[in-house]
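# Sequence first, then the predicted structure, then my questions.
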Amino acid sequence: MAPSTPANDPLTVNAITAARADVPPMCISIHVSHRGRRLKEPSVQEGYARIGQDPAFDTPEEFSALIREETAKWSRVIKGADIQPQ
């Protein structure tokens, strides 16, 4: 495998998403608010650091944008390398 470069640096994403599109926005808002507060707690930050993780918190809109950007980037890489499904 070729070494990563800024243009094709892989990103590992772990996320919690709503399984259904009809989840009420208020439920999403409460969950997002709670997770954002928890991720800022020192004990949570330390736990992630112990396993080599750097947690980031995004709003649902920011996360959607990240997924769109990563999908577009890796689609270009795959097409540029002429990688075929196996």
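Noted; the coordinates are in hand. Numbers count the residues shown, from 1 in each chain.
# just for this structure, where's the confidence low?
With pLDDT under 70 as the threshold, the chain has low-confidence stretches at 1-8.
# all helices for this protein, in order.
25-40, 42-50, 60-80 (DSSP state H).
# Nearest approach to residue 11 belongs to which of the ones you listed?
In terms of Cβ to Cβ, the element of the helices of the chain nearest to residue 11 is helix 60-80, at 6.2 Å. Where you see a C-beta, it was placed from the backbone N, CA and C, and this is true even at glycine.
# if we can go back for a sec, quick one: which of the helices of the chain is nearest residue 13?
When the helices of the chain are ranked by distance to residue 13, counting by Cβ to Cβ, first place goes to helix 60-80 at 7.5 Å.
# Quick check: buried residues in the closest one?
residue 63 (16 or more other Cβ atoms under 10 Å).
# ok now it, how far from the chain's centre?
On the basis of Cα atoms, centre = their mean, to the nearest Å, helix 60-80 is displaced by 11 Å from the centre of the chain it belongs to.
# Dump it to PDB, restricted to CA.
Only the C-alpha atoms of helix 60-80 are listed here, as PDB (Å, rounded to 0.1, in the frame of the first residue of the first chain):
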ATOM      1  CA  PRO A  60     -25.200  16.500  12.700                       C
ATOM      2  CA  GLU A  61     -24.800  19.000   9.900                       C
ATOM      3  CA  GLU A  62     -21.000  19.100  10.300                       C
ATOM      4  CA  PHE A  63     -20.800  15.300  10.300                       C
ATOM      5  CA  SER A  64     -23.000  15.100   7.200                       C
ATOM      6  CA  ALA A  65     -20.600  17.500   5.500                       C
ATOM      7  CA  LEU A  66     -17.600  15.400   6.500                       C
ATOM      8  CA  ILE A  67     -19.100  12.200   5.100                       C
ATOM      9  CA  ARG A  68     -19.900  14.000   1.800                       C
ATOM     10  CA  GLU A  69     -16.400  15.300   1.600                       C
ATOM     11  CA  GLU A  70     -14.700  12.000   2.400                       C
ATOM     12  CA  THR A  71     -17.000  10.100   0.000                       C
ATOM     13  CA  ALA A  72     -16.100  12.500  -2.800                       C
ATOM     14  CA  LYS A  73     -12.400  12.400  -2.000                       C
ATOM     15  CA  TRP A  74     -12.200   8.600  -1.900                       C
ATOM     16  CA  SER A  75     -14.400   8.200  -5.000                       C
ATOM     17  CA  ARG A  76     -11.800  10.300  -6.900                       C
ATOM     18  CA  VAL A  77      -8.900   8.200  -5.400                       C
ATOM     19  CA  ILE A  78     -10.600   4.900  -6.400                       C
ATOM     20  CA  LYS A  79     -11.500   6.100  -9.900                       C
ATOM     21  CA  GLY A  80      -8.100   7.600 -10.400                       C
END
